[in-house]
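K.L.:
predicted model, plus sequence, below.
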Protein chains: 2
Amino acid sequence: MKVCKFGGTSLASAEQMKKVANIVRADIERKIVVVSAPGKRFKEDTKVTDLLISLADTVLTNGDVEEALRLVVSRYEQIANELNLPQQVVTIIKDDLQSRIQAKEEGDKEFVDLMKASGEDNCAKLFASYLQSLGVDAHYVDPKEAGLLVSKEYGNAQVLPEAYDNLMELRNKEGILVFPGFFGYTHEGTLVTFPRGGSDITGSIVAAGVKAELYENFTDVDSVYAANPNVVKNPVEIKELTYREMRELSYAGFSVFHDEALIPAFKKGIPVCIKNTNNPSAKGTMIVSERNYMVNPVVGIASDSGFSTIYVRKYLMNREVGFGRHLLQILEDEGLSYEHMPSGIDDTSIILRGSQLTPEIEERIVKRIETELHVDDVHVEHDFAMVMIVGEGMRKMVGLTSKATTGLARAGVNIHMINQGSSEVSLVFGVKSVDADKAVSELYLDFFSDVKSPVL
Amino acid sequence: MKVCKFGGTSLASAEQMKKVANIVRADIERKIVVVSAPGKRFKEDTKVTDLLISLADTVLTNGDVEEALRLVVSRYEQIANELNLPQQVVTIIKDDLQSRIQAKEEGDKEFVDLMKASGEDNCAKLFASYLQSLGVDAHYVDPKEAGLLVSKEYGNAQVLPEAYDNLMELRNKEGILVFPGFFGYTHEGTLVTFPRGGSDITGSIVAAGVKAELYENFTDVDSVYAANPNVVKNPVEIKELTYREMRELSYAGFSVFHDEALIPAFKKGIPVCIKNTNNPSAKGTMIVSERNYMVNPVVGIASDSGFSTIYVRKYLMNREVGFGRHLLQILEDEGLSYEHMPSGIDDTSIILRGSQLTPEIEERIVKRIETELHVDDVHVEHDFAMVMIVGEGMRKMVGLTSKATTGLARAGVNIHMINQGSSEVSLVFGVKSVDADKAVSELYLDFFSDVKSPVL
C-alpha cells in the first residue's frame, strides 16, 4: 500500500486534478491520497489558503465577508465546472464555509485554524467527487472520524501517539481514500492545524499509521537537487538520500520538504519518494534510512541566510563553571533557540536565527549579559548565512574540510565560523550573507563537477 | 623600576643563586626580586615544595617528622654553606619550620598552605641574606606587612583589589626588596597560597602594584618557542607576542608561563619579558598589549591532550528551547567546566578536560542526560587533543583554514572537531591524542618553514 500526497500546485486547477487522478489510477497500490488546498495556478495567483486567511480576517474585522467568501468559493467552482462535477459539490463547499464562519465566537485562534483547514478539507471532498465521477470507488475521509488526534496548539499541532493506531484502521477500508492534509482534532473534538508544511506532515503521519510500503510526496520538481537551481545551473539530481541528509538539507534552505514532516515516516522507517505531478514517469528522489554512501559521500550543498551572532568576551571565561549555562539561560528566558555556540578560551559566540531578535530583545539580552556576567565585551552582528555540506559519507572522507576551505579561499569567501565535530553528516560554514551564493557555487563545483548529470 | 621573578630552577643551588645575584646587580632598575622555592638541581631531584608537602603529610599522619624536616632544612643548609652565609640563617629557617609545624591544629588545608608557603618565604630570607653578604642593601619583604591581601581559598587564592594600593608603597622603600612568591594573607591574617604558577602570580601582582616599567620573568629557556621543542626540532624563537597570544598558547600546553599569572600584569598593561637565568644576555620574549602582526600573523602552534567528548543526539534538538542550557546545567551540577560545544542540528558535543571525569561522574552525567533530556543517544569518548594555531594576524589571513586543513590532510590526521569563529587569535582542531604531535609538526612546517631561525 502506498500513501501519496499532492501539494497545492498539483491541485491548483481542473487540469492539474486530472493529472493527479491519472497518477492515482495508474498504480493499484495508491490507496490513500492526501491533498493540500488548491495552490497557485500562475506566479501572481493567490493560494486558496491565503484567500481563507483573508476571509477569516474579514470576518473578525467585520469587513465585506460576502466578497471574501465569493473569492474562495469561485476557485472551487471553476475547478468543479471544468471537471463537469454536479453543482451540488460547490453547494456543499459553500455551506461548509458559511457554517464555519458562524464559529467566530470560539476564539480567534480556533476560528482561524478552522477557516484555514477548510482549504484542504473541501479540496478532499471535491477531489473524491471527481474520482467518483470517473467511476472510481473513492471516499472522502474525515480526519476526526479517522482519529487523527493532535495536541491543542493552534497552528502548531503535534500528533498524539494514539493517532497511529486509529489510522491503522484505514487499511481495512474499501476503495481509494481521499484524506485532507494540514489538520487534526484534539480529544475534545477541536480542529487544530499543523505548523508549516502541514499537508506533508499529514501524509507522513498517515503513511506511518497505515505502515505504508511507500510514502509518495508529489510536488512540482522531478527530484531533489544537489544544490539550489536558482544558484547553481543544472545541478545534479539526487537519486537517493537518507532522512538525516534530507533533514540537514531542509534545515539549510532546501524547501522541497519541510523537515518536521519527515519525523513520523522516519520513526516508523517508511521510505519516502519525492515525485513530480507534472512528470510522473521521472524516478524522483528516494528518502531512506540507509544508503551506500561510498559512491557519493557528499549529497548536497545548502545554505540559509538570516542568522545573527552574539559575541561575548571575558578574560578567563573558560575557568568559570556555569558561564555557558547562564548565557543560555538568558536566551531561554527570552524564548530564543540558538543554532551554534562556538567558543574559544575567553570568548563565546551564539549563532541564532535573526528573525527572533527584535531591537528590544537584542537590547535586553545585551544588557543582561553585561550586568549579570560581567563580560569584557558583548555585541551582536547580523546578516550571516550558514553554508552546509551534507553527506553520510563525509565522516569517512579524509581531506574534506581541506577541499572545502580551499575552495572557499579561492572564491574569496571569508569564513567566519566553522562547525565540525558534532554532526556526522554535515559541515557548516558561517559566512556573510552576501557571500552565500558564491560559497554554494564554489563548493558545488568542488564536490560535483565530476559527477555526470542527471543521476547522482 | 623592574620587578624580576626567579623560578625554582634559578634558585635550586648556591651556584644558581650566584647567577641570580649577578643578574639583579647588573641592572640598577631591578628593585624588586620575587623568588620561588628552590627547585630541582637535576632531573631526579625533589623540589623543596614537594619536600614540604611530604613534611606536612608526615605531620598530619604522625609519621617521622624529624627526618622529613631534616630533608627540607638540609637543602637550605647546603645552599647557605656554599654561599658562606652564617649558621644563623639556617637556624632561623629551622625555627620557622618548627613553629609552622605547631600550627597543625588550625585545620588541614590551612596547615598545608602554611607549610608549602615556607619554601618561598625561607628562600626569600636566605637570598636576602646572601645579597647582604655581598654588600647589597637588600631586604626581605613579608607579604603580610606589604599588604598582599587575598581571598580565603586555600591553594586557590585570588588577589583582592586593595592589595595593589598597598604594594604601591614598596616603591618608597630603599634598596633591593626580596619578596617571596606563591602566597598572600587574608584580611584576618591567614596565609593562603595561590594556585599553580603561584610565584609567577606574585610577580605579576607586585609588578602591577608598583606599576613597574617591566616585569622580568626568569626561567630556564632563552625564549618562548613557536612550537614545543620536544615535538619540533629547533623551533623558531618568538621575539614578541601579545597577552592574548600568550594566554592561548599557555592554555594549549605551552608551560613557560601559567596563563592566570598574566592577568594582573595584563590588566595594568605592564610589559612582561621571559628571560633565561642561565643565559641572561639572550633577549628573551616580550609579552605586550599589541604587536605589529602584519609581519608574523601566526605566532605559534600548541597542543594539549587529555580531552574527552560527550556526544548527545536527539531528533529535532535545535527546536527545543532550553536544551543546551539544561545540558550545561547537568555539567554545572557536577562542578565541571567545559571547553567547546560544537553543535549540529540534531546533535551537540561537549568537549571538556577528561581529568574532571571519574567513571562515577561520567555514569551520573550520562544517566541524567538520558533520563532528563530524553535523547536518542549519549556517549562519551576519551583521548582527544586540542591543536591550536595562535596569532593576532589570523583573522586577516585569507585561506588560513584551508592551509591548515590541507596540511593536516596531507599528514593523514583526521580532524574530529574544528572551532573557529569565536576567538580572533586562535583556530582549534580536535584530533585523537595519538595524532597530536604529527599535527603540530605538520602545522609548524606549513606556517614556519620559511621563517629564519632564531628570530620570528
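P.N.:
Arrived safely, thanks for sending.
K.L.:
ramachandran angles for A:V178?
P.N.:
Torsion angles at A:V178 (phi, psi; degrees, to the nearest 10) stand at phi -110, psi 120.
K.L.:
A:F448: what's it in contact with?
P.N.:
Shown here is A:F448, whose contacts under the criterion C-beta atoms under 8 Å, 6 or more residues apart in numbering or on different chains are A:A226, A:A227, A:P235, A:V236, A:V298, A:I301, A:L456. Placement of C-beta: from N, CA and C, glycine included.
K.L.:
apply 10 Å and report the result again.
P.N.:
Each residue near A:F448 by C-beta atoms under 10 Å, 6 or more residues apart in numbering or on different chains is listed here: A:A226, A:A227, A:V232, A:P235, A:V236, A:N296, A:V298, A:V299, A:G300, A:I301, A:L456.
K.L.:
which residue ranges form the strands in the stretch 51-200 of chain A?
P.N.:
In the stretch 51-200 of chain A, the strands defined using DSSP state E, counting those that start in this stretch lie at A:138-140, A:176-180, A:183-185, A:191-193.
K.L.:
which one of these lies closest to chain B?
P.N.:
Ranking the strands of the stretch 51-200 of chain A by their distance to chain B (criterion: C-beta to the nearest C-beta) puts strand A:191-193 first, at 17.7 Å.
K.L.:
which residue does the stretch 251-400 of chain A bring closest to chain B?
P.N.:
Using C-beta to the nearest C-beta, the single residue of the stretch 251-400 of chain A nearest to chain B is A:G344, 2.8 Å away.
K.L.:
returning to what we had before: out of the contacts of A:F448, what pair is the most spread apart?
P.N.:
In terms of C-beta to C-beta, the contacts of A:F448 reach their longest pairwise distance at A:V232 and A:N296, which sit 16.4 Å apart.
K.L.:
tell me the buried residues in the helix ranked longest in chain A?
P.N.:
Of all the segments assigned as helix in chain A under DSSP state H, the longest by residue count is helix A:108-133. Residues A:110-133 are the ones in helix A:108-133 that count as buried (16 or more other C-beta atoms under 10 Å in any protein chain shown).
K.L.:
okay, and the helix or strand of chain A with the least pLDDT?
P.N.:
The weakest-scoring helix or strand in chain A, judged by mean pLDDT, DSSP states H and E, is strand A:417-420 (a mean of 82).
K.L.:
and that one, how far out from the chain's middle?
P.N.:
25 Å (C-alpha atoms, centre = their mean, to the nearest Å).
K.L.:
same thing with stretch A:215-234?
P.N.:
Averaged over its C-alpha atoms, stretch A:215-234 has a centre that lies 14 Å from its chain's centre (C-alpha atoms, centre = their mean).
K.L.:
go on, stretch A:36-51?
P.N.:
From the chain centre to the centre of stretch A:36-51 is a distance of 17 Å (C-alpha atoms, centre = their mean).
K.L.:
start to end distance for it?
P.N.:
From its first residue to its last, stretch A:36-51 covers 14 Å (C-alpha to C-alpha, to the nearest Å).
K.L.:
how about stretch A:292-306?
P.N.:
End-to-end distance of stretch A:292-306: 34 Å, with C-alpha to C-alpha as the criterion.
K.L.:
hmm, back to that, list phi and psi for the residue of the stretch 251-400 of chain A closest to chain B.
P.N.:
Residue torsions, per degrees, to the nearest 10, at A:G344 are phi -100, psi -150.
K.L.:
now do the one 4 residues further on
P.N.:
Here the main-chain torsion angles of A:T348 (degrees, to the nearest 10) amount to phi -140, psi 140.
K.L.:
what's the closest non-adjacent residue to it?
P.N.:
Excluding its sequence neighbours, the residue lying closest to A:T348 (C-beta to C-beta, 6 or more residues apart in numbering or on different chains) is A:V312, at 5.0 Å.
K.L.:
now swap in A:V178 and tell me
P.N.:
A:A128 (4.2 Å).
K.L.:
quick one: residues contacting that neighbour.
P.N.:
For A:A128, counting by C-beta under 10 Å, 6+ apart, the contacting residues are A:33, A:35, A:89, A:136, A:138-141, A:175-180.
K.L.:
could you check the distance from it over to chain B?
P.N.:
Applying C-beta to the nearest C-beta, to the nearest Å, one obtains 34 Å for the distance of A:A128 from chain B.
K.L.:
so the residue nearest to the spatial centre of chain A versus A:G203, what's the distance?
P.N.:
Against the mean C-alpha coordinate of chain A, by C-alpha atoms, centre = their mean, the closest residue is A:H258 at 1.7 Å. As judged by C-beta to C-beta, to the nearest Å, A:H258 and A:G203 stand 11 Å apart.
K.L.:
list residues touching both of these two?
P.N.:
A:G197.
K.L.:
dump the residue contacts of the residue of the stretch 1-150 of chain A found nearest chain B.
P.N.:
As assessed by C-beta to the nearest C-beta, chain B sits closest to A:V150 within the stretch 1-150 of chain A, at 16.6 Å. When contacts are counted by C-beta under 10 Å, 6+ apart, A:V150 touches A:143, A:156-160, A:163, A:183-187, A:190-194, A:201, A:205.
K.L.:
next one: A:I28
P.N.:
Neighbouring residues of A:I28 by C-beta under 10 Å, 6+ apart: A:M1, A:K2, A:I176.
K.L.:
and A:F307, bridged to which residues?
P.N.:
A:R353, A:F384 (DSSP bridges).
K.L.:
how long is stretch A:343-350 end to end?
P.N.:
The stretch stretch A:343-350 measures 9 Å between its terminal residues, going by C-alpha to C-alpha.
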